[in-house]
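Visitor: Okay, here's the prediction I keep looking at, along with the sequence it came from:
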Amino acid sequence: MKFIAILTLLFAPCVAFAQTSPSTLARVTQSGVLRVCTPGDYKPFSFQRAPGEFEGLDVDMMGSLAGTLNARPELVKTTWANLLPDFVAGKCDIAAGGISVSLERQKQAYFSAPYMVNGKTPITRCEDVAKYQTIAAIDQPNVRVIANPGGSNERFARAKLSHAQLTIHSDNLTIFDELTKGRADVFVTEAAEAIVQSKAHPELCAVNPDKPLQYAEMGYLLPNGDDVFRNFVDQWLHLSKANGDYAQLSAKWLGK
């Protein structure tokens, strides 16, 4: 009995700490600030117009989430390569901006419930659409594939298009100029971005965006182990879809 009592005394502080350790939910509510990591280079989800000025579907959604917590959103600029390291280091409370759900990211962080199915879709010059209908057609030695570094687009290109000529282009926003100017043939990205950028660049066309080359989901990155905050975010997202708020914002940024 004495042994059990000693163990109880030893572990009691740890249990108490685990029970009283504040959730992100409590911290955001108390501080009045929701810190959001975002690369800010991915239309229509998050785009940095100027220092400190962001716009996009996920920017508006984060504003909605912050509002439910009586907080203001604070956008923390990162890159795709540094997104997970910055998030794990505690630089933000949530990450958004067109983030693909992946098992690799799941190893170090939670994901919210997915808010969009958004699979990998090629974008190319309109006259070349017929050439690049499948992975096999793109994965050829004479095809110049371009990708942005550090995210799921680069991983897809390296895993599925290893026979093509791959160029890693550091600026996601100017990749589309590389295509229009004929310095690259294909960029494989998410369907939503391919559709939006084909509207912004009439020379470019999304290839079968309704039938992606690979299934993918979008979600928000959340602190690992924080079930309280994840449950709150999932419930907020559920209600946003149920009451039409998400549909309204989606129509604003995606046209659907």
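Guide: Perfect, thanks for sending it. None of these values were measured; they are calculated from a predicted model.

Visitor: My understanding was that Gly119 contacts Asn208; is that so?
Guide: No: judged on C-beta atoms under 8 Å, Gly119 makes no contact with Asn208 at a distance of 10.1 Å. (C-beta placed from N, C-alpha, C; glycine too.)

Visitor: Now do the strands in the stretch 101-250 of the chain.
Guide: Using DSSP state E, counting those that start in this stretch, the strands assigned to the stretch 101-250 of the chain run over residues 110-111, 116-117, 120-125, 144-147, 165-168, 186-190, 204-206, 217-218, 221-222.

Visitor: So which other helices or strands are in contact with the first one?
Guide: Looking back up the chat, that one is strand 110-111. strand 221-222 (3 or more C-beta pairs under 8 Å, 6 or more residues apart in numbering; DSSP states H and E).

Visitor: just the helices in the stretch 51-200 of the chain please.
Guide: In order along the chain, the stretch 51-200 of the chain carries the following helices (DSSP state H, counting those that start in this stretch): 57-68, 83-88, 103-106, 135-138, 152-160, 175-180, 191-200.

Visitor: follow-up on the earlier one: closest one to Arg27 among the strands of the stretch 101-250 of the chain?
Guide: Ranking the strands of the stretch 101-250 of the chain by proximity to Arg27 (C-beta to C-beta) places strand 221-222 first, at 13.2 Å.

Visitor: hmm, who's touching the one helix or strand Phe47 maps to?
Guide: In the assignment (DSSP states H and E), Phe47 maps to strand 46-50. Applying C-beta atoms under 8 Å, 6 or more residues apart in numbering, the contact partners of strand 46-50 are 38-41, 54-59, 75, 77, 96-98.

Visitor: Who are the contact partners of Glu154?
Guide: Counting by C-beta under 8 Å, 6+ apart, Glu154 touches 147-148, 168.

Visitor: Show the pLDDT at it.
Guide: pLDDT for Glu154: 93.

Visitor: roughly how far apart are it and Ala89?
Guide: Per C-beta to C-beta, to the nearest Å, Glu154 is found 22 Å from Ala89.

Visitor: Which per-residue confidence value corresponds to Leu173?
Guide: Predicted confidence (pLDDT) for Leu173: 81.

Visitor: residues touching it, list them.
Guide: Counting by C-beta under 8 Å, 6+ apart, Leu173 touches Asp41.

Visitor: Would you mark the buried spots in stretch 23-37?
Guide: Buried positions in stretch 23-37, judged by neighbour count with 16 or more other C-beta atoms under 10 Å: 23-25, 27-28, 34-37.

Visitor: Quickly list the domain ranges of the protein.
Guide: 27-117+217-254, 120-206 (automatic domain parsing).

Visitor: chain center to the longest one, what's the gap?
Guide: Right, domain 27-117+217-254. For domain 27-117+217-254, the distance from its own C-alpha centre to the chain's C-alpha centre is 8 Å (C-alpha atoms, centre = their mean, to the nearest Å).

Visitor: Over to the last one?
Guide: Taking the mean of its C-alpha atoms, domain 120-206 sits 18 Å from the chain's own mean (C-alpha atoms, centre = their mean).

Visitor: quick one: terminal-to-terminal distance for it?
Guide: End-to-end distance for domain 120-206: 11 Å, by C-alpha to C-alpha, to the nearest Å.

Visitor: Check stretch 237-251 too.
Guide: 16 Å.

Visitor: How about stretch 77-93?
Guide: Termini of stretch 77-93 sit 13 Å apart (C-alpha to C-alpha).

Visitor: Could you find the closest non-adjacent residue to the residue most central in space within the chain?
Guide: Taking C-alpha atoms, centre = their mean, the centroid of the chain lies closest to Ile99, which sits 1.1 Å from it. In space, and not counting its chain neighbours, Ile99 is closest to Leu221: 5.7 Å by C-beta to C-beta, 6 or more residues apart in numbering.

Visitor: Fine by me, thanks again.
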